[in-house]
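Trainee: quick one: sequence and predicted model below, then my questions.
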Amino acid sequence: MNVIHPDGWAPPIGYSNGIAVDAGRIVFIAGQVGWDAQQIFRSEEIAPQFEQALLNILAVLEKAGGKPEHICRITAFCIDKPAYLAARPKLGKIWRKVMGRNFPAMSMIFVADLLDTPGKIELEATAVIPQ
């Protein structure tokens, strides 16, 4: 997996502009919200939901034989932009604790609502596990 960073661009913070992968097993992980394995939300706050959603992604990926460093892309859907912006320092700490120094290509999309209430954030991922 190679990070793509055009010459002269300012460095991105917390993500990569692009990832190139030569070959491997591609794993598409459906949107994961901040509930536990029994589909119970333990918090209505964005930071704990973000952490649980990341852990859910890693659980699916691990079942496929992958690790955090195999994630190439994450798309985040969030219903509360001010809460997200206020939580960014906490989210960064959670990211480093769960994902380490792996920064895939990422998109953040703010939406009106999520299917699963009281969900505040949903994450979907694409991973490539080397052969």
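Mentor: Arrived safely.
Trainee: E69 reaches F103, doesn't it?
Mentor: No: the criterion here is C-beta atoms under 8 Å, and E69 misses it with F103 at 10.3 Å. (Glycine included, C-beta is placed from N, CA and C.)
Trainee: secondary structure element holding Q49?
Mentor: helix 46-63 (DSSP states H and E).
Trainee: return the set of buried residues in that helix.
Mentor: Across helix 46-63, burial judged by 16 or more other C-beta atoms under 10 Å covers 46-54, 56-58, 60-61.
Trainee: may I have the beta-bridge partners of the residue nearest the centre of the chain?
Mentor: The chain has I74 as the residue nearest its centroid, 4.6 Å off, counting by C-alpha atoms, centre = their mean. Beta bridges link I74 to M106, A125, judged by DSSP bridges.
Trainee: with the one 4 residues further on instead?
Mentor: Applying DSSP bridges to C78 gives these bridge partners: F110, I121.
Trainee: what's the first-to-last distance across stretch 91-110?
Mentor: Start-to-end span of stretch 91-110 (C-alpha to C-alpha, to the nearest Å) is 16 Å.
Trainee: neighbouring contacts of that stretch?
Mentor: Outside stretch 91-110, the residues that touch it by C-beta atoms under 8 Å, 6 or more residues apart in numbering are 3, 12, 14-19, 46-47, 50-51, 54-55, 58, 68-69, 71-79, 81, 84, 125.
Trainee: try it again with 7 Å
Mentor: Residues from elsewhere that reach stretch 91-110, judged by C-beta atoms under 7 Å, 6 or more residues apart in numbering: 14-19, 47, 50-51, 54-55, 68-69, 71-78, 81.
Trainee: make a PyMOL selection of the buried ones in those residues.
Mentor: In PyMOL, selecting the buried portion of the contacts of stretch 91-110, with burial taken from 16+ other C-beta under 10 Å, looks like this:
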select buried, resi 16+19+47+50+51+54+68+71+72+73+74+76+77+78
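Trainee: pLDDT value on M1, please?
Mentor: What the model reports for M1 is a pLDDT of 79.
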